[in-house]
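Participant: Here is a sequence together with a model predicted from it:
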Amino acid sequence: MTRQMVLVGFLQAQNCTNLPSSWRHPDSRTDSMSADYYQEIARILEAGKFHMAFFDDRLAMPDRYGNDHAHTVEYGIRCVKMDPLIVLTAMGLVTEKLGLGATCSTTYYEPFDVARRFATIDLMSGGRAGWNVVTSLNDGEALNMGRDSHPEHDSRYDKADEFMEVVLGHWDTWEDGALIMDKKSGRFADPAKVKRLDHKGAAFKSRGPFTVPRSDQGHPVIIQAGASGRGQRFAGRWGEVIFTAARNLAGAKEGYAAVRNEAAKAGRDPDQMFLCNLTTPVCAATKAEAEDKMALINKLPLEIDALSLLAEALNYDFASKGLDEPLTTDDLKSMQGILGIRDGVLKNSGKSNPSARDFVTFSGRGQVHDAMVGGPREIADRLEEMFVERGCDGFVIAATYVPGSYADFVQHVVPELQRRGLFQKDYRGKTLRENLGLKRPAAGAWKVQPRDAAE
């Protein structure tokens, strides 16, 4: 089959999109804490044949800047954060084919709990669930979850590896065909096909038996977004849909090759994973109309948006230094969270000790400087180039206002991609794996042997 793009709608269960100023847009709905708000988005994405709606999440509002939440609440900088799994369930009730992905942290939850939640959503949605595996970012999340501070970056991923082994181990313990449900004999299931895990490891103990049978797609799709070296190794080992955030084709191709190489070294088939690059399209029927939309959007962000989100993402208080004061080497080393942001600023600024203003300028946090602006052909040309040149396998479409950004993309860009044969005109099946073209995993299929080098 001809290679086609994967499209994912990027969502957050909060008062704004990933662009914190989006709630200020005159055309954004104001009822972002209602089920109908998310259900309208779900209907739009499914009408556009998107593979999945996906929710990013944090376990704290941004409060690392000045170690205070007042600015976050006052300016609406992602201050509302509802449980994405529950919101996702509401979206599943009004859709039939759209994949449903949500974030859950390996640092602050227990493996059995996460395994049960996502296995349940998978059954309730007919095999459409995906789990975005994160290790969380900052001290605010730690303090909310009863810890004094957030663990060090690489150690979180070491723990996450074992977390994955426990979750996948539990998902494997119900074999296909375990359910009998014979009313005459009184036998519900075959006990020989339901095992106990009995995991005892360095970080986790979990006995079982697991309490949720396998779904139509086997188990939920694993989503990941590792950007650092350690994160890429984790993504290569576990990820099936992997989110990237390259800002140009060269960077995208470099990251694409790196993650696929990590998958090969982990003993996996790199073709059984899809790398989707984060993209913010501002589109309309014509380029001129799109540029008018962009002019309005550019008026929305505030400097505090970027500073707050940078402090949150890097677990570093940017208010501790003057805006133009160079950060010391120790300051840079102390940063945690999404280290790809720090490394990108160092690379793109060309400075070994950038200032907070440099982080605002070169990170893109809280802004839309890297938006794709144009009519159907201009947007499709940009997406096609990155896709055909193997910078990615698809795109995570981020919205600048809701629900209009998704509706604009579905109305203007999706038909052009379909006309070019780059995107599906209909879903392949009912489960998320079927629609992505992923194999249904056999129990234990994840237990592959690492290779010394990529093939």
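Facilitator: The structure has been received and is ready for your questions.

Participant: Need the nearest residue in space to A60, chain neighbours excluded.
Facilitator: Spatial nearest neighbour of A60, chain neighbours left out: G140 (3.4 Å); criterion: Cβ to Cβ, 6 or more residues apart in numbering. For every residue, glycine as well, the C-beta is placed using N, CA and C.

Participant: Can you give me the buried ones in the host helix or strand of the one you found?
Facilitator: Assessed by DSSP states H and E, G140 sits inside helix 139-144. Within helix 139-144, the residues scored as buried using 16 or more other Cβ atoms under 10 Å are D139, G140, E141, A142.

Participant: Could you tell me how far the third one is located from K205?
Facilitator: To K205, E141 is 23 Å away according to Cβ to Cβ, to the nearest Å.

Participant: Likewise for A225?
Facilitator: Taking Cβ to Cβ, one finds A225 at 28 Å from K205.

Participant: circling back: pretty sure the residue nearest to A60 is in contact with Y65, am I right?
Facilitator: No: using Cβ atoms under 8 Å as the test, G140 is too far from Y65 to be in contact (10.5 Å).

Participant: what sits in contact with each of those two?
Facilitator: E312 (Cβ atoms under 8 Å, 6 or more residues apart in numbering).

Participant: Report the residue spans of the protein with pLDDT below the cut-off.
Facilitator: Applying pLDDT under 70 to the chain flags residues 1, 451-455.

Participant: tell me, which helix in it spans the most residues?
Facilitator: Looking across the chain with DSSP state H, the single longest helix is helix 153-172.

Participant: So which elements touch that helix?
Facilitator: Using 3 or more Cβ pairs under 8 Å, 6 or more residues apart in numbering; DSSP states H and E, the elements in contact with helix 153-172 are helix 111-124, strand 129-134, strand 199-200, helix 229-238.

Participant: mind running it again at 7 Å?
Facilitator: Counting contacts by 3 or more Cβ pairs under 7 Å, 6 or more residues apart in numbering; DSSP states H and E, helix 153-172 is packed against helix 111-124, helix 229-238.

Participant: Would you tell me what the next helix or strand after it is?
Facilitator: Taking DSSP H and E, what comes next after helix 153-172 is strand 179-182.

Participant: after that next one comes which helix or strand?
Facilitator: strand 187-189.

Participant: Show me the contact partners of that following strand.
Facilitator: Contact partners of strand 187-189, identified using Cβ atoms under 7 Å, 6 or more residues apart in numbering, comprise A178, L179, I180, M181.

Participant: same question, stretch 202-210
Facilitator: Applying Cβ under 7 Å, 6+ apart, the external contacts of stretch 202-210 come out as 111-112, 115, 159, 162-163, 166, 170, 173-174, 194-199.

Participant: Save the helices and strands packed on helix 153-172 as JSON lines, and put in mean neighbour count and distance to E262 too.
Facilitator: Putting the helices and strands packed on helix 153-172 into JSON lines (neighbours: other Cβ atoms under 10 Å; distance: least, Cβ to Cβ, whole Å) gives the following:
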{"stretch": "helix 111-124", "mean neighbour count": "21", "distance to E262": "23"}
{"stretch": "helix 229-238", "mean neighbour count": "23", "distance to E262": "3"}
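
Participant: Thanks a lot, see you next time.
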